[in-house]
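K.L.:
next comes the sequence, and after it the predicted model I'd like to discuss.
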Amino acid sequence: MIIGICAFTPGGRKLADQIIAAFPEHIFQKRGEETSLGEWAEKCFTLHAPMLFVGACGIALRSIAPLVADKLEDPPVLVMDEGGEHIIPILSGHMGGANELACCISGRMKQVTKEYKMEPVITTATDVQGLFSVDVFARKNGLAIINRSGIQQVSAKLLAGEVIRASLSKDISYDRETLPREVEIADPASREMDLLITGEKEPEPEAALILRPRELVLGIGCKKGTSCSAIEEMVERQGIDLSEVSSVASIDLKAREYGLLAFCQKYHLPFHTYSSRELLEVDGDFCQSEFVARVTGVGNICERAAAREAGDGYEIVRPKIAKKGITLALAKRKVAIITWETSSIS
């Protein structure tokens, strides 16, 4: 993940440096003194990069105000005081994952240092009440939100203490044992439901909120230093519709590949990586590159990564395409509800 971080005082810069040291798996972009807050914020918004402000909430709010546009598209923004007492998500708590990131940073900092308490301050109503959050549910399970106005309707019903009725297409598997107490599974033929999860393009039943599974996984391999724009161009030329893609996968050697991370964040796509051993464990008939095998330990990254991410029952629907140091492959996954858990507060 690419994360923007900004501090204004010696104490704030000290905390920022400790956060950077605590998360070596991420790439941090510190705002330099030569860069204005507005320029830095705009770059973070363009990348959909999480923004961490170490300082006053007012500074953060004024910096992002001209850029805030859409609750489903805006990047996560968090503020923490320079004493490390609190960390507060102020934008995109659910869809952007700001609430989860706040809890993650809090937990990690408590592990690595006793200097900061770093308590997360979560203000979203469903989290505070410990209720099912339908937009977080959609994000975690690779589901596209079709009629966004339904989010508020479903959430309002939950906050009123009511149970919501949900219906899933028969081909979507889920664990009934982990179903939240406030969610009831309705008959697919029912016309009285709050939440409908279906792959149909024009579903007949009326529902307050309709979610559609993104069935494709995009596997990517690339040479070191490949730019975000080069990956964008390759994807566009191959006619890949990113609205149908649930996630992107690659080998762990690419976990900090800036262009690949930037591409995934720009298009709001979760990015997961796997070791060469994990990729070799995937059953299937994949074309092999001896050169790639010598360098990475596995002869095909894009197909194997797509298949590994898609899981059991995968189908390679777009075999390996290689151009200008980039390889792409698409796998179709069997849609399943991975988790019903949506609360950020443990």
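P.N.:
Noted; the coordinates are in hand.

K.L.:
and the contacts of the helix or strand where Gly259 lies?
P.N.:
Taking DSSP states H and E as the criterion, the element that holds Gly259 is helix 258-266. Defining contact as Cβ atoms under 8 Å, 6 or more residues apart in numbering, one finds that helix 258-266 is touched by 1-2, 27, 46-49, 75, 220, 222, 225-232, 248, 250, 254, 269-271. Every C-beta, even on glycine, is put in place using the N, C-alpha and C of the backbone.

K.L.:
quick one, which of those are buried?
P.N.:
Applying a neighbour-count criterion of 16 or more other Cβ atoms under 10 Å, the buried members of the contacts of helix 258-266 are 1-2, 27, 47-49, 75, 220, 222, 226, 228, 230-232, 248, 250, 254, 269-271.

K.L.:
restricted to helices, list those residues.
P.N.:
Judged by DSSP state H, helices contain the following of those: 47, 228, 230-232.

K.L.:
report the buried residues of the helix holding Gly259.
P.N.:
Buried positions in helix 258-266, judged by neighbour count with 16+ other Cβ under 10 Å: 259-266.

K.L.:
quick one, phi/psi of Arg176?
P.N.:
Dihedral angles of Arg176 (phi, psi; degrees, to the nearest 10) stand at phi -70, psi -30.

K.L.:
that one is in contact with Ile185, isn't it?
P.N.:
Yes - if you go by Cβ atoms under 8 Å, Arg176 and Ile185 touch, sitting 7.4 Å apart.

K.L.:
next, count neighbours for Ala138.
P.N.:
Using other Cβ atoms under 10 Å, Ala138 has 25 neighbouring residues.

K.L.:
where's it relative to Ala230, distance?
P.N.:
Distance of Ala138 to Ala230, given as Cβ to Cβ, to the nearest Å: 30 Å.

K.L.:
what's the closest non-adjacent residue to Lys324?
P.N.:
Spatial nearest neighbour of Lys324, excluding adjacent residues (Cβ to Cβ, 6 or more residues apart in numbering): Ala230 at 6.8 Å.

K.L.:
now swap in Pro75 and tell me
P.N.:
Of all residues not flanking Pro75 in the chain, His48 sits nearest, at 4.6 Å (Cβ to Cβ, 6+ apart).

K.L.:
right, and the residue nearest to Lys324 touches Glu257 too?
P.N.:
No - with contacts defined as Cβ under 8 Å, Ala230 does not count as touching Glu257, sitting 11.7 Å away.

K.L.:
between those two, which contacts overlap?
P.N.:
Common contact partners of Ala230 and Glu257 (Cβ under 8 Å, 6+ apart): Cys222.

K.L.:
list the buried ones in stretch 102-120?
P.N.:
Buried, per 16+ other Cβ under 10 Å, within stretch 102-120: 102-103, 105-106, 109, 116, 118, 120.

K.L.:
show the pLDDT at Pro10.
P.N.:
For Pro10, the pLDDT comes out at 96.

K.L.:
residue contacts, it?
P.N.:
For Pro10, the contact set (Cβ under 8 Å, 6+ apart) is empty.

K.L.:
for it, give its distance to Ile87.
P.N.:
Separation of Pro10 from Ile87 (Cβ to Cβ) stands at 19 Å.

K.L.:
right, and Ser63 touches Leu37 too?
P.N.:
Yes - the criterion here is Cβ under 8 Å, and Ser63 meets it with Leu37 at 4.6 Å.

K.L.:
which one of the two has more residues nearby?
P.N.:
When neighbours are counted by other Cβ under 10 Å, Ser63 and Leu37 differ, and Ser63 comes out ahead with 22 against 16.

K.L.:
what is the strand or helix carrying that one packed up against?
P.N.:
Here Ser63, judged by DSSP H and E, is contained in helix 57-64. Contacts defined by 3 or more Cβ pairs under 8 Å, 6 or more residues apart in numbering; DSSP states H and E place helix 57-64 against helix 37-47, strand 51-54, strand 77-80, strand 86-91.

K.L.:
Glu303 is nearest to which of those?
P.N.:
Comparison of the helices and strands packed on helix 57-64 against Glu303 by Cβ to Cβ identifies helix 37-47 as nearest, at 27.7 Å.

K.L.:
circling back to that earlier point, who's more crowded, Arg176 and Ile185?
P.N.:
Comparing Arg176 with Ile185 by neighbour count (other Cβ under 10 Å), the higher total belongs to Ile185, at 14 against 7.

K.L.:
hey, what's the more buried one bridged with?
P.N.:
Note on Ile185: beta-bridge partners Ala166, judged by DSSP bridges.

K.L.:
now do the contacts for it.
P.N.:
So Ile185 contacts 165-168, 176, 179 (Cβ under 8 Å, 6+ apart).

K.L.:
picking that back up, may I see the helices and strands packed on helix 57-64 arranged in TSV, with distance to Ile338 and mean pLDDT as well?
P.N.:
Below are the helices and strands packed on helix 57-64 laid out as TSV (distance: least, Cβ to Cβ, whole Å; pLDDT from 0 to 100):
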stretch	distance to Ile338	mean pLDDT
helix 37-47	26	95
strand 51-54	27	98
strand 77-80	25	98
strand 86-91	23	97
